[in-house]
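K.L.:
Any chance you could fold what I've pasted below:
(chains A and B)
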There are 2 protein chains.
Amino acid sequence: MELTFLKRFDENPLLTPADLSPTRDDLHVACTLNPAAVRFGDEILLLVRVGEAIAAEADYVAYLYFDAETGQLDVGRYRKDDPNLHCPDGRGYYYRGRMVLSSMSHLRVARSKDGLRFTFDPAPAIFPANAYEAFGCEDARITFIDGRYYITYTAVSDRGVTVALASTSDFVTYERHGLVFPPYQKDVAIFPEKVRGQYLCRHRPYQSEFNPASIWTAYSPDLHCWGYHEMTLAPKSDTWQEQRVGCGAPPIKTPRGWLEIYHAADRNHRYCLGAMLSDLEHPERIISTSDEPVLQPQANYELEGVFNNCVFSNGLVVDNDGGLTVFYGAGDQVCAAAKTTVEEMTSAAMNK
Amino acid sequence: MELTFLKRFDENPLLTPADLSPTRDDLHVACTLNPAAVRFGDEILLLVRVGEAIAAEADYVAYLYFDAETGQLDVGRYRKDDPNLHCPDGRGYYYRGRMVLSSMSHLRVARSKDGLRFTFDPAPAIFPANAYEAFGCEDARITFIDGRYYITYTAVSDRGVTVALASTSDFVTYERHGLVFPPYQKDVAIFPEKVRGQYLCRHRPYQSEFNPASIWTAYSPDLHCWGYHEMTLAPKSDTWQEQRVGCGAPPIKTPRGWLEIYHAADRNHRYCLGAMLSDLEHPERIISTSDEPVLQPQANYELEGVFNNCVFSNGLVVDNDGGLTVFYGAGDQVCAAAKTTVEEMTSAAMNK
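P.N.:
Numbering: from 1, shown residues only, chains lettered A, B, ... in the order given. Model (predicted):
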């Protein structure tokens, strides 16, 4: 069952790989997904993850990476018939148990006046630029604090998967602030204001032999250094959120608590979205979560893609009248959106 | 090959499970290992990890855990013939791919006037006390900063494996400061002084499908919140440090750089110790590491134990005359020590 108050745009998918050119002639755009979203002037900006790939060769699979020593992109190869090679799905290749990605992502702005028709900027906003980003920059969140936009994004490399911070005031030039978490971490969303005198964020340590992948909360004096970690929301056995949960866009402040839309995967790695409400003064404490998904893969662009059966949101926009647009990646391949209100989503989080 | 300048104490092992009573009559002490070490007044104190276990029952394996809701220890059980149960070594049980530990650790002080004969305090120093420590408190490091002893230790639970901070001025009462890293993290050692205006530490994110377990460096304004993460030392293929590396005791300042003794495991999970030297002003930069181990499992108490073929150090003491005592866990079961000088260890790190 799924709650049905969230209406998909008729224009979906809003952005697809056909909407932009690759950064090099020998590459192709494999996916345009998982947009961060922000209102900027009279436009809505999406900071889209754009994945580029190089064509497989006759006897080889090939993957792109950024070589920090040369400062250039390079291509790695594995023989297709090598018994050490293993490809469980379209997202990457395992070689002797170590993974590389089939596409290398960067972050690029797409702009829209009406929130329906978006146009990509001609150049990337944040492109892999150091050893921690060798396999790509993915899944941004944007938080506006004191006149500046802070961008957290996943940095992937053979050093691990973790989260870097950048900031901008104009979405033209960007300042990089380095890694704000150690591996293995993803899904960091910074709250739009301090709570009890500190910045705070959600983060998502990965699963291990001891624990499932859960949503955590951390505090910071300066946005760079994070501590006071607490687990906030764990997966629930035998449900649509059994395998892992992770936070989405930065939380929205409402009179009833901090409202968030998070993602969850079941035992078959089917990704849905859920809603949760947490305490205004102690956001590490959950008030309520939606028993049912607020969005689950249903449209053809959600059911089939680079990764099937997947909706994933890390970008929301709230209108002055309380309208809420949920931007989301679908099938790990395209950008889509759906519309509701803050009031409806809050009710969903409270199961009312 | 092993460097031979480090001399094992004739008195080894210094501490064994026979040297103390369990905290409850129905438990037994399974291991006394991996001591932090510090000079305190006219004594040497070891902060030892003491692992306690409950006897297996006829048809069941049993494990201890701290129940944060009741504030009591409790016992979990799995049927020995359950096909979902898997026990790869003596350290724990896997059930449906999730792990619990065969012994629950706390931290306890052992004291010595001569550095050879140690006596355990009658009560634990730091005992599991919250949900993040449900499976135990392990492998402490002690750093003396501005009149206070800061203790980092591994907190293990079904929420993950990560690192908590405590402090004391007297090794009688302890203040807990919560988690300073998110999971999966171990082996955090704080430097004894600020560098370039910030506290800093080593830490050890765990391996994933992308990366091997490596030694990282992080900076902090306050010892609670950590950022500016950088990878410092990675495993080396086809060597005694192929599988993983992790830092040991807090670094020692020498004229040639920060001196550290780290642990490393090979592809057979045999744990050795190595020496490294890093830049005084930029400790995230390695100057040199020892090509060969400075200590490798050789004595019978190192070759066989709860986990065979293992030496692991997180405690060092330096004398006024430059003598260096390396305290270490052996076979994941007992405490041992070996002696050299700071000068010799520095030469080893520089392969001279």
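K.L.:
Pick out the residue nearest the middle of chain A.
P.N.:
Central residue of chain A (CA atoms, centre = their mean): A:Asp139, 3.2 Å from the mean position.
K.L.:
part of a strand, is it?
P.N.:
Yes. Under DSSP: H, G, I helix; E, B strand; the rest coil, A:Asp139 falls within a strand.
K.L.:
Correct me if wrong: it contacts A:Lys186.
P.N.:
Yes. Between A:Asp139 and A:Lys186 there is a contact at 7.1 Å, judged by CB atoms under 8 Å. Quick note: C-beta positions are derived from backbone N, CA and C, even for glycine.
K.L.:
Find the residues that touch each one of the two.
P.N.:
Common neighbours of A:Asp139 and A:Lys186 are listed as A:Thr154 (criterion: CB atoms under 8 Å, 6 or more residues apart in numbering or on different chains).
K.L.:
hmm, back to that, contacting residues for the residue nearest to the centre of chain A?
P.N.:
By CB under 8 Å, 6+ apart, the contact list for A:Asp139 reads A:34, A:49, A:153-154, A:186-187, A:312, A:314.
K.L.:
Likewise for A:Phe312?
P.N.:
If you count contacts by CB under 8 Å, 6+ apart, then A:Phe312 has A:33-34, A:139, A:248, A:263, A:271, A:273, A:328-329, A:332 around it.
K.L.:
From those, pick the one nearest chain B.
P.N.:
Distances from chain B to the contacts of A:Phe312, taken as CB to the nearest CB, are shortest for A:Asp139 (15.3 Å).
K.L.:
who does the closest residue to chain B within the stretch 1-150 of chain A bridge with?
P.N.:
Using CB to the nearest CB, A:Met99 is the residue of the stretch 1-150 of chain A that sits closest to chain B, at 4.1 Å. Applying DSSP bridges to A:Met99 yields these beta-bridge partners: A:Tyr94.
K.L.:
Looking at it now. What's its pLDDT?
P.N.:
The per-residue pLDDT reported for A:Met99 equals 95.
K.L.:
what's the neighbour count on the closest residue in space to A:Cys272 that isn't next to it in sequence?
P.N.:
Closest residue to A:Cys272 apart from its sequence neighbours, by CB to CB, 6 or more residues apart in numbering or on different chains: A:Pro293 at 3.7 Å. Counted by other CB atoms under 10 Å in any protein chain shown, the residues lying close to A:Pro293 total 25.
K.L.:
A:Pro293 reaches A:Gly274, doesn't it?
P.N.:
Yes. With contact defined as CB under 8 Å, A:Pro293 and A:Gly274 form a contacting pair (5.8 Å).
K.L.:
need the residues of the stretch 151-300 of chain A near chain B, please.
P.N.:
Contacts of the stretch 151-300 of chain A with chain B, taken as CB under 8 Å from any CB of the partner chain, map to A:156-162, A:178-185, A:203, A:205-206, A:208-211, A:214, A:216, A:218-222, A:224-231, A:234.
K.L.:
Now for the contacts of A:Asp139: which two are most distant?
P.N.:
Farthest pair in these (CB to CB) is A:Tyr153 and A:Phe312. Separation: 14.2 Å.
K.L.:
about what we covered before: helix/strand/coil for the residue nearest to A:Cys272?
P.N.:
Recorded secondary structure, A:Pro293: coil (three-state DSSP).
K.L.:
which SS class is A:Met345?
P.N.:
Classified using three-state DSSP, A:Met345 is helix.
K.L.:
what sits against the residue nearest to A:Cys272?
P.N.:
A:2-3, A:240, A:264, A:272-274.
K.L.:
ok, it to chain B distance?
P.N.:
Using CB to the nearest CB, to the nearest Å, A:Pro293 is found at 24 Å from chain B.
K.L.:
just A:Ala299 next, same as before
P.N.:
30 Å.
K.L.:
Counting neighbours, what do you get for that residue?
P.N.:
With other CB under 10 Å as criterion, A:Ala299 counts 16.
K.L.:
same question, A:Leu64
P.N.:
A:Leu64 has 25 nearby residues by other CB under 10 Å.
K.L.:
Tell me what it is bridged to.
P.N.:
Taking DSSP bridges, one finds A:Val75 as the beta-bridge partners of A:Leu64.
K.L.:
wait, what's in contact with it?
P.N.:
A:27, A:52-54, A:73-76, A:103-104.
K.L.:
Mind checking which of those are buried?
P.N.:
A:27, A:52-54, A:73, A:103-104 (16 or more other CB atoms under 10 Å in any protein chain shown).
K.L.:
show me where chain A has helices.
P.N.:
For chain A, the helices defined by DSSP state H cover A:300-303, A:342-349.
K.L.:
A:Leu324 bridge partners, please.
P.N.:
Beta-bridge pairing for A:Leu324 (DSSP bridges): A:Val318, A:Thr340.
K.L.:
likewise A:Arg49?
P.N.:
Assigned bridge partners for A:Arg49, using DSSP bridges, are A:Leu33, A:Leu107.
K.L.:
Which residue ranges of the stretch 201-350 of chain A form strands?
P.N.:
Secondary structure of the stretch 201-350 of chain A (DSSP state E, counting those that start in this stretch): strands at A:215-220, A:227-233, A:244-246, A:252-254, A:257-265, A:271-278, A:286-289, A:311-318, A:323-330, A:334-341.
K.L.:
so what does the first one touch, helix or strand wise?
P.N.:
Secondary-structure packing of strand A:215-220 (3 or more CB pairs under 8 Å, 6 or more residues apart in numbering or on different chains; DSSP states H and E): strand A:199-205, strand A:227-233.
K.L.:
ok, the last one: who's next to it in the sheet?
P.N.:
When pairs are called by DSSP bridges, strand A:227-233 turns out to pair with strand A:215-220 (antiparallel).
K.L.:
residues in contact with the strand it pairs with?
P.N.:
A:187, A:198-205, A:226-234, A:245-247, A:262, A:283-284, B:182, B:225, B:227.
K.L.:
change it to 7 Å
P.N.:
With contact meaning CB atoms under 7 Å, 6 or more residues apart in numbering or on different chains, strand A:215-220 is reached by A:198-205, A:226-233, A:245-247, A:262, A:283-284, B:182, B:225.
K.L.:
Stretch A:36-47 too?
P.N.:
For stretch A:36-47, using CB under 7 Å, 6+ apart, the contacting residues are A:35, A:107, A:109-113, A:115, A:118, A:125, A:140-142, A:144, A:149, A:151, A:171, A:314-317, A:327, A:335.
K.L.:
of the residues you listed, buried ones?
P.N.:
Listed as buried from the contacts of stretch A:36-47 are A:35, A:107, A:109-111, A:115, A:118, A:125, A:140-142, A:149, A:151, A:171, A:314-317, A:327, A:335; burial here means 16+ other CB under 10 Å.
K.L.:
quick one: pLDDT of the closest residue to A:Arg24 other than its chain neighbours?
P.N.:
Once flanking residues are discounted, A:Arg24 sits nearest to A:Leu73: 7.4 Å by CB to CB, 6+ apart. With respect to pLDDT, A:Leu73 scores 95.
K.L.:
now do A:Pro17
P.N.:
A:Pro17 carries a pLDDT value of 98.
K.L.:
for the one 4 residues further on, same thing?
P.N.:
Per-residue confidence at A:Ser21 stands at 97 (pLDDT).
K.L.:
And for the closest residue in space to it that isn't next to it in sequence, the neighbour number?
P.N.:
Leaving aside its chain neighbours, A:Ser21 sits nearest to A:Val29 (7.6 Å; criterion: CB to CB, 6+ apart). Using other CB under 10 Å, A:Val29 has 19 neighbouring residues.
K.L.:
Kindly state the beta-bridge partners for A:Val29.
P.N.:
Counting by DSSP bridges, A:Val29 is bridged to A:Glu52.
K.L.:
so how far is A:Gly90 from it?
P.N.:
According to CB to CB, to the nearest Å, A:Val29 and A:Gly90 sit 14 Å apart.
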